[in-house]
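Undergrad: predicted coordinates and the sequence they were generated for:
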Amino acid sequence: MKLSGWIIIGVLSLLLIFFAYRLISDALWNRKLNDFQRRQRLHVFKRPFLYWLKRGSGLVISASLGAVLIGSGLFFLPIIEEPFTYLNAQAVGSEEAFLELLQLEEVTYGDGWFNAFPIGDMLRLEDAMSGAPEADNRDFIDTNVQVEGVMEADIIKTDGYTIYYASRYQNKVRVVDILSDGKLNIRVDIDLGDLYTDSLYLTETQLIIIGYVYEYFYITPFEDDFSFFRGYASYTGAVQVYDRDTLELTYELKTNTNFYEHRLIGDALYLISNKYITKNDLVPTYVETKNNYVDEFALSYDDIYYFDSIPAQYMTVVAVIDLVDYTMNSEAFLGYVNHIYASENAIYTTSIVYRHSEQGGWLNWGYTNAYTHIVKYKIDSENKTFRYAANGQVKGYVGDQYWMDEYNDYFRVVTTETTWHNSVQQKDNRLFILEENPSEQVFTEVGSILSGIGKPLEDIKSVRFNKNIVNIVTFRTIDPLYTIDLSDPGNPVILPDPIEEPGYNTYMHVWNEDYYLIGLGVDEQNQVKLSAYDTSENNPNTGLPLETFNFPRIGDFGATVYSYSEALYNPKALMVDVEKGIFAFPVNSHRYVFDPVDGYYRSQYTSQYYVFFIDFNAEQVISDPIIITHREQTYYSGIDRGVYVSGNNFTMIYTLSFSEVVAYNLLTNEVDQVYPFEGMDEYNPYIR
Amino acid sequence: MLKIIWHKKDLESIQKHFYDEHQLVLTTESEDLPEDRIALIVEEKHFNLVKEILESLEHEKKQVVLQTQEGWLQVYVQHITYLESYGEEIHLHFEHQATEIVKQPLYQLEELLRPYLFVRIGKSYIVNLTKIKYIRTALNAKLNLELVSGDKLSVSRSFVKSFKNALGIHNKED
């Protein structure tokens, strides 16, 4: 509430108290008078109703005024924010100051080498999703995202009427229409030229493509530094916005780095970039094309900030694009980004920093004393703004975005760390609960668990937060699945009797009850498996999963089959809908087949899409799967995604791969039709 | 058994008073009454009630003699609503807006009228407690009184306590 609100409500309350006091004392005095009159055998005057009405009016008026003021929320809005000053993020200010900072960093080396090849990170881009409009008569399953309301990009997006599919290594986006009978019309391919993309978003009217162009070359980071040189890929990151009706480019933003991570919240597209800094390429630059007008600009040194004792080989560039009027804002903060977590209110970025000791300088080569530097940016998706909010460090490093969570303003993060003491390995798995301290713009630790997650030498394999619970899977030889109660942020408690089974989960999905989990992972022979769990005290199979589905190891003719699913490490490859009870993902397997003609063993790739129906109330929780198989290829052409769409008279799952789309009719339980992509039969990705 | 004898010409007003205030009926149907007298036959349990009624009637009948500029003035005490002093003069206010000016110090009048339920409510005011219609509490811890005559008086802060006692003291006397 605003100060004026407090004052006015306060005054009203005082008035209220006064009027109430006056009314009560009036009543008491007049009763005394009446008693007196009665005793004296005098005429007893009854006070007329009007008297009480007049005396009570003040009370009634002030009470109702107060109620209206509080009820209307007049003083709650708008909250006027004070001009915000960054306390521990300091503006670089000028090129000279910036170069000086970089010279200091050069001496201390920083975390350069391992992060000098962010290409690997790019290929693993675990992004995510987009909001597609809810169709009147089409129902579909959207991208599997971590936080509801925060869209993540994926290679496939649909609104139930059209499927947009970024055929990753061909730099094109296929546009496939779903007709009213569920048949497909492969409409057109958007040719992106050199632009590689694996990130699409949809809004009601727009198709957003985020990608990059890269070239390799060798550089020496600084002129007089010949100590080592680096192979380096130069990025030109791009955001392209297409009109979905005309498929015409309406907006484009290019930058001299990549757009590493991004989220779409309402009409605000948040972009996080890792900018590698070289002497010739110091600041982020942008080329913006809108309304056929090209604008080139660079980020001002006043909008570049640094933190004390954070390596400065890279800078994190945070940008937001307003998709309504195409305005763009950005700021940069020195330091790298490994993973991001975004809620509707904040974006958290993490990077690993290595420290020689608590007080000492930076140590590059040892895997000891790893810290995660966390930076919180507060975002306002209504006004399409963001600002730096806090930063801090915790021990260990974060595995992926699912290791982080925000709930009730607490930031919860799980870290793992491998250390060597006198050649003896040690693994430490930790949980931290942090709270932003807005006055100092740092994180304060509210609670933590520093030991007891995992047995000795066990790594964390997957994490899933669910409100006041977190489930953590650790692994070395057997998988314990821990449940940790976070309901008291100051005192998180590991619940007894973790579930143990061979293998481990790489991804966990919370089912409709708080304690029902579906886990996707691998078994002890590294084959894909799917398990259902009850993590509550009432688990009928104490210490064990309810059910597990193992994928076959032995295929036709006794050949060993090796199965793998992209969904193991990219949750966006999953198609999940708890209400429909669907859990589906592609599984690619290969086996060696003896070719009697030339006497050699050849690899034969099979790509299948497994659709499971999950029902925790049924006797068999995990149903026997529907398996949709694509034609075998002599090269790797796996199914990328499946798309569930139901219309007025059809319910289909479309599975899309490099070479074809298979439409599977869920009403008749058979393949409806196969739609090959043109030219893909002869296409060989190894000859390009 | 108690026997009270009145003059017959008072019958109507007494009858009315008894009936209006106490729902008691007076009658003249009795054989052994002297000419032009009436009798009230009361059960013992009503003695106190009757006594009080008679006292209050007595109050109504009470007269005091006060000195005015023109000479001596005889007034029914219960006709006075309040007294107000202007310098040396004391204004006597009556129920029907009539006033009389008395040349007697206020403290003397206070002493004189105290037995008849008069109480000092300010430096220059004395009010007849039986003539108060309503009481209103005011902002500054004063009390505002409205009298049956429609006049409005206020009880000064320093007299609130004695006013309160005056309303209450009679309670104890009962």
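TA: In hand now; what should we look at? Since we're looking at a predicted model, the values are computed, not measured.

Undergrad: I figured residue A:304 hits residue A:318, correct?
TA: No: Residue A:304 lies out of contact with residue A:318 (CB atoms under 8 Å); the separation is 11.2 Å. The way it works is simple: take the backbone N, C-alpha and C, and place the C-beta from them, glycine included.

Undergrad: shared neighbours of those two, anything?
TA: By CB atoms under 8 Å, 6 or more residues apart in numbering or on different chains, residue A:304 and residue A:318 have these common neighbours: A:331, A:332, A:333.

Undergrad: phi, psi for residue A:338 please.
TA: Dihedral pair for residue A:338: phi -100, psi -50, per degrees, to the nearest 10.

Undergrad: how close does it get to residue A:58?
TA: To residue A:58, residue A:338 is 64 Å away according to CB to CB, to the nearest Å.

Undergrad: one more: residue A:405?
TA: 52 Å.

Undergrad: ok, residue A:523 next?
TA: Taking CB to CB, one finds residue A:523 at 77 Å from residue A:58.

Undergrad: still on that earlier bit, between residue A:405 and residue A:58, tell me which one has more neighbours.
TA: residue A:405 (24 against 16; other CB atoms under 10 Å in any protein chain shown).

Undergrad: surely the more buried one touches residue A:431?
TA: No: using CB under 8 Å, residue A:405 makes no contact with residue A:431, being 10.6 Å away.

Undergrad: which residues are in contact with both of the two?
TA: Shared contacts of residue A:405 and residue A:431, defined by CB under 8 Å, 6+ apart, comprise A:412, A:413, A:470.

Undergrad: need the contact list for residue B:79.
TA: Taking CB under 8 Å, 6+ apart as the test, what residue B:79 contacts is B:94, B:95.

Undergrad: count of neighbours near residue A:157?
TA: So residue A:157, with other CB under 10 Å, has 27 neighbours.

Undergrad: that one is in what secondary structure piece?
TA: strand A:156-158 (DSSP states H and E).

Undergrad: which secondary structure elements does that strand sit against?
TA: strand A:162-167, strand A:196-202, strand A:639-646 (3 or more CB pairs under 8 Å, 6 or more residues apart in numbering or on different chains; DSSP states H and E).

Undergrad: partners of it, with directions?
TA: strand A:162-167 (antiparallel) (DSSP bridges).

Undergrad: helices of chain B, start to end?
TA: B:11-22, B:47-61, B:106-113, B:160-173 (DSSP state H).

Undergrad: err, chain A, not the other one
TA: A:3-39, A:49-72, A:95-108, A:112-115, A:119-123.

Undergrad: can you tell me which of those the model trusts least?
TA: Lowest mean pLDDT within the helices of chain A: helix A:119-123, at a mean of 34.

Undergrad: neighbours around residue A:335, how many?
TA: 26.

Undergrad: so what pLDDT did the closest residue to it other than its chain neighbours get?
TA: Among residues not flanking residue A:335 along the chain, residue A:310 sits closest, at 4.5 Å (CB to CB, 6 or more residues apart in numbering or on different chains). The model reports residue A:310 with a pLDDT of 76.

Undergrad: any idea what the residue lying closest to residue B:134 once chain neighbours are set aside is bridged to?
TA: Distances taken as CB to CB, 6+ apart put residue B:146 closest to residue B:134, at 4.7 Å, once the chain neighbours are dropped. Here residue B:146 sits in beta bridges with residue B:134, residue B:152, as judged by DSSP bridges.

Undergrad: isn't residue B:146 up against residue B:132?
TA: Yes: applying CB under 8 Å, one finds residue B:146 in contact with residue B:132, separated by 7.4 Å.

Undergrad: these two: which is more packed in?
TA: Each of residue B:146 and residue B:132 has its neighbours counted (other CB under 10 Å); residue B:132 has more, 25 against 17.

Undergrad: contact partners for that one?
TA: So residue B:132 contacts A:33, B:145, B:146, B:147, B:148 (CB under 8 Å, 6+ apart).

Undergrad: now rank those residues by neighbours and give me the top one.
TA: Ranking those using other CB under 10 Å puts residue B:145 first, with 24 neighbours.

Undergrad: what is the burial count for the closest residue to residue B:64 other than its chain neighbours?
TA: The shortest distance from residue B:64 to any non-neighbouring residue, by CB to CB, 6+ apart, is to residue B:77 (5.7 Å). Number of residues near residue B:77 (other CB under 10 Å) recorded here: 19.

Undergrad: the one 5 residues further on too?
TA: The local packing of residue B:82 (other CB under 10 Å) involves 21 other residues.
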